[in-house]
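Novice: Only the shape, not the letters, is given here:
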C-alpha cells in the first residue's frame, strides 16, 4: 500500500511540475519528451522498490533458516547430558556450545546486512536531513526517496558552504561560465553545488552497499564453516516428502539464499546508481526552470519600472507646462 501511494503521489507531482514548466516556457529536463521523462523516473522508483524489497525478503528468509537451526541446537542443549557418559575425551556438550556460538554469529551477521540497509548514511550536521538506503529506495520515511536526497543535500550545501563554492568557481572563466549556462541553464556556483550534492549521495550509497556486500560475503563463508560443526550439520538435516532424512537440505537452501543475496545487492547498487543519475538530471532541470523563472520575473520588473518611469516623466513634464 505504501509503495502504491508513494508512486501515485510522486507521479502526480512530476506530471504537474513538467506540464507547468512547459506551460510557462521554462527549460525542461534535457528537452526530452515530458511523459518519457516521467516514465524514466517512475521506472527508477519502481525498480528501487522492487530490488530493495527483494533484498529484505531474502535476508528475512536467511534469518528464518538460521532460527530453524538455532531451535534444533536449543533442543540439543535441553538434553540432560550430565547423566550421560562419554568415551574417551569426547564430550558433545562442547560441540553444542560451539554450535550455539556459530549460529548466533550467523544471525548477527544477517542483522548486520539488514542494518546496513536501514541505518542513516546521509546526515547534514545541524539539520534534520538524514537518509538510509531504505529511504533512498522509498521504503523508509514518508516523502523520502532518491529524488529528494540530492535536492536536500543541495539545499543544505548552498546554505552552509558558500565560501567553498566561491573558491571553487573563482577560476572559472567567462567562457566556461557561459558554457555551463548554455548547457544546464544554471550559474556555475549552482552547478558546483549540484555536482557536490550528487557526489555526496553517490559516495554514501557506494560505501553502504560495499559494506553490505562484504558482510554478506562474510556470512557466506561463516555459513560454510558452521557446517563443520556436527550439531549444526545435524540440524541442517530435514525430511523429504516420503519422510526420509535428506542431509544438507536446509544448508543448501541457506547457501542458495546467500548467493541470491549477493546478486540482489549488486542489482540494488546498479538501480541506485541509475536513480542517483536521474535525480541529478531532474535537480538540474528544476534549478534551470527556477533560474529562468527568476530571470523572466526580473525582466518584467525592469520593464514595468521603465514604463512607470516614462509615464512619470511625461506626467511631470505636463504639469510643468501647465
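Specialist: Thanks, I have the structure now. Remember, predicted model here, so these are calculated numbers, not experimental data.
Novice: Against residue 216, how distant is residue 261?
Specialist: Taken as Cβ to Cβ, to the nearest Å, the spacing of residue 261 relative to residue 216 amounts to 5 Å. C-beta coordinates here come from the backbone N, C-alpha and C atoms, glycine included.
Novice: Identify the contacts common to the two.
Specialist: residue 113 (Cβ atoms under 8 Å, 6 or more residues apart in numbering).
Novice: All the helices of the stretch 101-250 of the chain, residue numbers only.
Specialist: Per DSSP state H, counting those that start in this stretch, the stretch 101-250 of the chain has helices spanning 133-136, 146-160, 162-169, 174-184, 188-226, 230-235, 249-321. These are given in chain order.
Novice: from those helices, which stretch is densest packed?
Specialist: Comparing the helices of the stretch 101-250 of the chain on average neighbours per residue, with mean count of other Cβ atoms under 10 Å, the densest one is helix 133-136 at a mean of 24.
Novice: The residue nearest to residue 253 when sequence neighbours are not counted and residue 193: what is the separation?
Specialist: Spatial nearest neighbour of residue 253, chain neighbours left out: residue 65 (6.1 Å); criterion: Cβ to Cβ, 6 or more residues apart in numbering. When distances are taken as Cβ to Cβ, residue 65 and residue 193 turn out to be 47 Å apart.
Novice: same thing with residue 127?
Specialist: In this structure, residue 127 and residue 193 are separated by 15 Å, where distance is defined by Cβ to Cβ.
Novice: what do you get for residue 75?
Specialist: From residue 75 to residue 193 the distance is 60 Å (Cβ to Cβ).
Novice: what do you get for residue 141?
Specialist: For residue 141, the distance to residue 193 (Cβ to Cβ) stands at 24 Å.
Novice: ok, now residue 293?
Specialist: Distance from residue 293 to residue 193, by Cβ to Cβ: 18 Å.
Novice: Equivalent analysis for residue 119, please.
Specialist: Distance of residue 119 to residue 193, computed by Cβ to Cβ: 26 Å.
Novice: what's around residue 108, how many residues?
Specialist: Residues near residue 108, counting by other Cβ atoms under 10 Å, number 12.
Novice: Let me see the confidence value for it.
Specialist: Residue-level confidence at residue 108 comes out at 94, pLDDT.
Novice: Show me what the helix or strand encompassing residue 54 packs onto, helices and strands only.
Specialist: Using DSSP states H and E, residue 54 falls within helix 34-77. For helix 34-77, the contact count by 3 or more Cβ pairs under 8 Å, 6 or more residues apart in numbering; DSSP states H and E identifies helix 2-24, helix 92-118, helix 133-136, helix 146-160, helix 230-235, helix 249-321 as packing neighbours.
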